[in-house]
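Asks: Return a 3D structure for these sequence lines:
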Amino acid sequence: MNLRQAPAVRTLAVLLAAAAAAPMPFAQTLSRADQERTIAALPDSERTFERFRYWMAGLPASERESSGRDELLARFSAWLEEGGFTADDARRQVEQVRRRGPANAAEFWNKYLVTERRDWLNAAPNAFLVDMTKDRRPGKALDVAMGQGRNAIWLARQGWDTTGFDPADQAVAAAQAEARRLRLKLHTEITTEEQFDFGENRWDLIVLSYAGCTQVAAKVQKALKPGGLVVVEAFHTDALKTLKIGGSLCGPAELPNAFKDLRVVRYEEPVARPDFAPRPARVVRFAAEKPAL
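Replies: Numbers count the residues shown, from 1 in each chain. Just a heads-up that it's a prediction; the model follows:
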């Protein structure tokens with residue numbers, strides 16, 4: 001699927017999600033001037049996106065969630081002008097955000113997960129996922145925002161008929177290469193959660209491992225088979241006290257409230273080492289099952 005063909009609203013949604021999703025654990029120590037010096041070393045094609053991501057990561061989670069896309073972009077434009085950019089240059093950068101959303105999102109995640117992969121990123125399967133599936137009979141599994149496939153490949157090795165999707169084409173290609181090396185069958189798509197067809201009563205397991213919080217709750221509840229399980233791990237909003245994080249943020253009890261059609265199997269909010277951060281922070285872990293017919 002060609003992400004550049006996405007409708008304008010979805011295009012911006014992809015970029016907003018990608019801009020906010022990855023943690024920036026050291027950004028809180030950088031002044032705006034220092035951040036600009038870091039951005040200046042990037043290629044021209046990456047500067048606006050990184051500047052937008054830095055600005056988004058500095059917003060309180062409540063403001064990101066309550067503001068519409070147009071409002072966010074208007075505020076970004078004002079922030080640019082406050083920092084010394086002309087009104088024309090601010091408008092140009094906002095238009096870049098609107099126009100190049102999916103391409104920039106894919107480029108960012110390819111770089112983050114593949115070409116410049118951080119040593120502290122967890123390459124092993126998510127421990128909560130492993131724990132919650134250890135006694136379940138394998139069936140059809142979906143890994144949302146699969147990245148380089150650490151969870152999807154592990155599930156396939158356990159006998160699950162696994163599908164994963166992500167907009168980052170290089171990350172998906174890396175997952176497929178590893179699956180071939182291991183002689184595993186892995187279904188993949190290069191797409192977004194807005195465009196992917198979750199289906200209805202289709203999956204025995206859906207994994208949301210640092211893939212947002214509740215934005216696909218309705219789709220997941222519909223897509224699970226009776227008896228199917230959803231497993232979620234994400235950053236708790238308390239993690240903002242020590243990390244700058246955008247997406248994959250869940251407030252207290254947000255997941256049980258969003259997945260009301262499911263039976264909660266386990267819910268916890270521990271301080272632990274997240275898969276996407278270099279030091280401990282509060283996370284949320286949630287597993288829930290669709291009632292059998």
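Asks: Identify each buried residue in the strand or helix carrying Ala74, please.
Replies: Using DSSP states H and E, the element containing Ala74 is helix 69-82. Neighbour-count burial for helix 69-82 flags Leu72, Leu73, Phe76, Ser77, Trp79, Leu80 (criterion: 16 or more other Cβ atoms under 10 Å). For the C-beta atoms, the positions are set from N, CA and C on the backbone; glycine is no exception.
Asks: With just CA atoms, put that helix into CSV.
Replies: This file holds the C-alpha atoms of helix 69-82, laid out as CSV (Å, rounded to 0.1, in the frame of the first residue of the first chain):
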residue,chain,number,x,y,z
ARG,A,69,-5.2,18.6,14.4
ASP,A,70,-5.8,22.1,12.9
GLU,A,71,-5.4,23.6,16.4
LEU,A,72,-2.2,21.7,17.0
LEU,A,73,-0.7,22.9,13.7
ALA,A,74,-1.8,26.5,14.4
ARG,A,75,0.0,26.3,17.8
PHE,A,76,3.1,24.8,16.2
SER,A,77,3.1,27.7,13.7
ALA,A,78,2.9,30.2,16.5
TRP,A,79,5.7,28.4,18.4
LEU,A,80,7.9,28.6,15.3
GLU,A,81,7.4,32.3,15.0
GLU,A,82,8.1,32.8,18.7
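Asks: how far is that helix from where the chain is centred?
Replies: Put simply, helix 69-82 sits 23 Å off its chain's centre (Cα atoms, centre = their mean, to the nearest Å).
Asks: mind checking how far Ala78 is from Ala87?
Replies: 10 Å (Cβ to Cβ, to the nearest Å).
Asks: so where's the stretch 51-200 of the chain shaky on pLDDT?
Replies: Across the stretch 51-200 of the chain, the ranges flagged by pLDDT under 70 are 57, 60-68, 100-120.
Asks: where do the strands sit along it?
Replies: 140-144, 161-166, 187-190 (DSSP state E, counting those that start in this stretch).
Asks: Any idea which of those gets closest to Thr237?
Replies: strand 140-144 (20.6 Å; Cβ to Cβ).
Asks: That closest one pairs with which strands?
Replies: According to DSSP bridges, strand 140-144 forms sheet pairs with strand 161-166 (parallel), strand 203-209 (parallel).
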